[in-house]
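Asks: next one to model:
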Amino acid sequence: MGRNKILIVDDEAGLRFGVRDYLELQGYEIDEAESCQSAQHLFRTSRPDVVIADYLLPDGTALDLLPRLKEIDAGIPLLILTAHGSIDLAVRAIKEGAEQFLTKPLELPALLVILQRILENKRNFHKQLANKSREVRTAIDPFVGTSAAIRTLAEQTRKVLPADSPILILGETGSGKGVLARWIHANSPRSEDAFVDLNCAGLSRDLLETELFGHEKGAFTSATASKQGLFEVAHRGTIFLDEIGDVDLQIQPKLLKVLEEKRFRRVGDVRDRQVDVRLLAATHQDLGHLVGEKKFRQDLYFRISAIPLTFPALRSRREDIPVLAQYLLEKFAADLGRGELRWGPECLEALQSYSWPGNVRELRNVIERAVLLSEQKTLGLNDLHFDGRGSRDTYSNSHLTLLEVERQHIEYVLVEENGSVERAAKRLGVPRSSLYEKLKRHRIGMSRF
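Replies: The predicted model follows:
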């Protein structure tokens, strides 16, 4: 991670040099500007954490500059310096959003204390936002279990936590890739900053581009205001791109540029912006196969796959199911205020003998539904409602009609393909138009996938 960055705006080169020299010795990274215009340009591209600006500048005042910077980043702290301080001016500056109003000559040790306090408050604010955004209720420990596969994954993951290299998380749909990504962020040096995630499946090229990189006002017809992209939102934190194999080929070079140069451009802008993020990516697809089919860039594949982590399917670690089931039962019982619940006879055996095509996500859903609907303190077999896609004979779909089996299989494939009709049709071996007809016939809504 980069050092805290300060932008100094003053037309006095001697003052800029003195402040820069002192703060660099304290471990800060410094940028300099001598006017409102140059400050605004640097601010867009260098992403400082704090701005220190002289009140009187060649092309305006710090109060003229303040709203321009706030339009780009509403949370930026601005310290205003002046040789001609007055109470009225100080009050006005604070009212208009300045963080501090300091008089010259500047006492550098005092400035350092102020900067440390501002940056600490900023870190605490971002930490609170990150905590609020975390899905506490549905989040689970990714390493619950005793199997060799899950222990190996835990060991590999802990080894790569301190690094800033991209991580590629592989595994079937529902296996826990998103849970693992959140755990990596929460236990990394970036944990106090933002965690931003985006599922790339099914997003058009234009929508994906503006989501990732943002856009400038007027970049296209509906762009009535500038918008930050997720890379900007995740600055100094972590961005998690789920189903990265679905990223459009024309977007992939821009993604590679962010990873290699830490720079990008908003849609409709001509300036590069700096950003400091760690990328976590996930997919259930074979990216190597997509590279061979020229559907995924080889250079991007090599860049994101330097550290691959594979989440095992639940059916391949059946010895973990009793431990996971007990963990989830206690969690949902506490979350839903059900007190202490127990598994009845044969429940754990039933859970272990089911094949779990939806992996841990399906297990979680089955247990949450049981806790919600059961009125008993001891859960029984009747409280476990499987969807019929697994291999357990007790829950087979032999009693279903052919149309019902077809509907269930279509729904299963759509879940596996994250709602992509094109991929689902290819996997089912039917034209896309035929699949749309079947969706209409079975009244399968796409909003759930």
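Asks: tell me the SS of the closest residue in space to residue 234 that isn't next to it in sequence?
Replies: Nearest non-adjacent residue to residue 234, counting by CB to CB, 6 or more residues apart in numbering: residue 196, 4.1 Å away. Quick note: C-beta positions are derived from backbone N, CA and C, even for glycine. Here residue 196 takes the strand state, with states given by DSSP: H, G, I helix; E, B strand; the rest coil.
Asks: against residue 163, how distant is residue 196?
Replies: Distance from residue 196 to residue 163, counting by CB to CB, to the nearest Å: 19 Å.
Asks: those two: who's more crowded?
Replies: residue 196 (22 against 13; other CB atoms under 10 Å).
Asks: how about the strands of the stretch 1-150 of the chain, start to end?
Replies: Secondary structure of the stretch 1-150 of the chain by DSSP state E, counting those that start in this stretch: the strands cover 5-9, 29-33, 50-54, 56-57, 60-61, 78-82, 100-103.
Asks: now mean neighbour count too, for the ones you listed, in CSV please.
Replies: Formatted as CSV, those follow (neighbours: other CB atoms under 10 Å):
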stretch, mean neighbour count
strand 5-9, 23
strand 29-33, 18
strand 50-54, 24
strand 56-57, 18
strand 60-61, 16
strand 78-82, 23
strand 100-103, 18
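Asks: which one of those lies closest to residue 296?
Replies: Residue 296 lies closest to strand 5-9 among those, at 34.0 Å (CB to CB).
Asks: can I get that closest one in CSV, CA atoms only?
Replies: Extracted as CSV, the C-alpha positions of strand 5-9 are listed here (Å, rounded to 0.1, in the frame of the first residue of the first chain):
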residue,chain,number,x,y,z
LYS,A,5,-0.4,11.5,0.2
ILE,A,6,-0.6,15.3,0.8
LEU,A,7,-1.2,17.9,-1.9
ILE,A,8,0.3,21.3,-1.1
VAL,A,9,-1.1,24.3,-3.0
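Asks: report all helices and strands that it contacts.
Replies: Applying 3 or more CB pairs under 8 Å, 6 or more residues apart in numbering; DSSP states H and E, one finds that strand 5-9 contacts helix 13-25, strand 29-33, helix 36-46, strand 50-54.
Asks: quick one: buried residues of the longest one?
Replies: Residues of helix 13-25 classed as buried under the neighbour-count rule (16 or more other CB atoms under 10 Å) are 15, 16, 19, 20, 22, 23.
Asks: what is that helix packed up against?
Replies: strand 5-9, strand 29-33, helix 108-133.
Asks: which residues sit against it?
Replies: Contact partners of helix 13-25, identified using CB atoms under 8 Å, 6 or more residues apart in numbering, comprise 6, 8, 10, 30, 32, 34, 52, 54, 104, 106, 108, 111-112, 115.
Asks: could you give the angle of it to strand 78-82?
Replies: 140 degrees (axes from the mean of the first three to the mean of the last three CA atoms, to 10 degrees).
Asks: let's have the chain start at 36 instead
Replies: Sure, I'll start counting at 36 from here, so that last one is helix 48-60.
Asks: can you give the distance of helix 48-60 from its chain's centre?
Replies: 36 Å (CA atoms, centre = their mean, to the nearest Å).
Asks: would you single out the least confident of the strands of the stretch 36-185 of the chain?
Replies: Among the strands of the stretch 36-185 of the chain, strand 135-138 carries the lowest mean pLDDT, a mean of 86.
Asks: any weak-confidence spans in the chain?
Replies: Applying pLDDT under 70 to the chain flags the ranges 36-38, 120, 161-175, 422-436, 439, 480-484.
Asks: hmm, 50 instead?
Replies: Low-confidence segments of the chain (pLDDT under 50): 36, 167-173, 425-434.
Asks: coming back round to it: got the strands of the stretch 36-185 of the chain as CSV, with distance to residue 347 columns?
Replies: As requested, the strands of the stretch 36-185 of the chain are arranged in CSV below (distance: least, CB to CB, whole Å):
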stretch, distance to residue 347
strand 40-44, 41
strand 64-68, 42
strand 85-89, 45
strand 91-92, 60
strand 95-96, 60
strand 113-117, 50
strand 135-138, 53
